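Participant: Here is a sequence with its predicted model. Questions after.
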Amino acid sequence: MAPLLFLLITTLATYTVGHFSTAAARHDFSTWPVAIRFGLAVMFIVTGVSHFVGMREALIDMVPPWLPGAPILVTMTGVLELLGAIGLLLKQTRPWAAGGLGLMLIVMFPANVHLALTGENLPWDDQLLPRTAMQLIFFGAVLTVLVPEIQSRRKLHRLAEVERQRQR
């Protein structure tokens, strides 16, 4: 539940600041894709750090037993989450980071299912339906960032192509 709260609170704060600050508005903070991008960055920083401190053992226990090297997998996913969070904030890497984080959410979903099906005395938000709903929200947020980035890059490529043809 904490990752969802970080996503929601940061997104709403960014969006609100974008509406009340002209400097923030100039950087499009008042648009949902930008606000969600910042929310995702904060969420993935928090979850990435948790792969190393605080929840490391619980995350290792979440890894399905049929996957080898649970500690290494937790370390790798933590590093990827941190790199993805930073990548979301950089224009050049934004679409790659969003795409990679979306793919990672899909690949890591079996660990969530494994926990929900095998864990004992789980809080309500670790049970299968709430965890699945949260994963869908996270994936939707990633798509909200990724789709406009792809559209923007396609538009720039089309404009560049039109300009090249005009110069001939």
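Facilitator: That came in fine, so what should we check first? Numbering: from 1, shown residues only.
Participant: quick one: the helices in the protein?
Facilitator: Ranges of helices within the chain are 2-20, 22-26, 32-50, 56-62, 70-89, 94-118, 128-167, based on DSSP state H.
Participant: Buried residues in the fifth one, which are they?
Facilitator: With burial defined by 16 or more other CB atoms under 10 Å, the residues of helix 70-89 counted as buried are 70, 73-75, 77-78, 80-85, 87-88. Placement of C-beta: from N, CA and C, glycine included.
Participant: got the contact list for the residue lying closest to residue 52 once chain neighbours are set aside?
Facilitator: Nearest residue to residue 52, sequence neighbours excluded (CB to CB, 6 or more residues apart in numbering): residue 78, at 5.7 Å. Counting by CB atoms under 8 Å, 6 or more residues apart in numbering, residue 78 makes contact with 48, 49, 50, 51, 52.
Participant: again, 6 Å this time
Facilitator: Contact analysis of residue 78 by CB atoms under 6 Å, 6 or more residues apart in numbering lists 48, 51, 52.
Participant: On the pLDDT front, check the last one for me.
Facilitator: Reading off the per-residue confidence, residue 52 sits at a pLDDT of 97.
Participant: What is the neighbour count of it?
Facilitator: Neighbours of residue 52 under the rule other CB atoms under 10 Å: 14.
Participant: Please apply the same query to the first one.
Facilitator: Counted with other CB under 10 Å, the neighbours of residue 48 add up to 19.
Participant: Contacts for the lowest-mean-pLDDT helix or strand in the chain next, please.
Facilitator: Sorted by mean pLDDT, DSSP states H and E, the helices and strands of the chain end with helix 22-26, the least confident at a mean of 77. For helix 22-26, contacts defined as CB under 6 Å, 6+ apart pick out 17, 18.
Participant: Buried residues, it. List them.
Facilitator: Result for helix 22-26 [16+ other CB under 10 Å]: buried residues residue 24.
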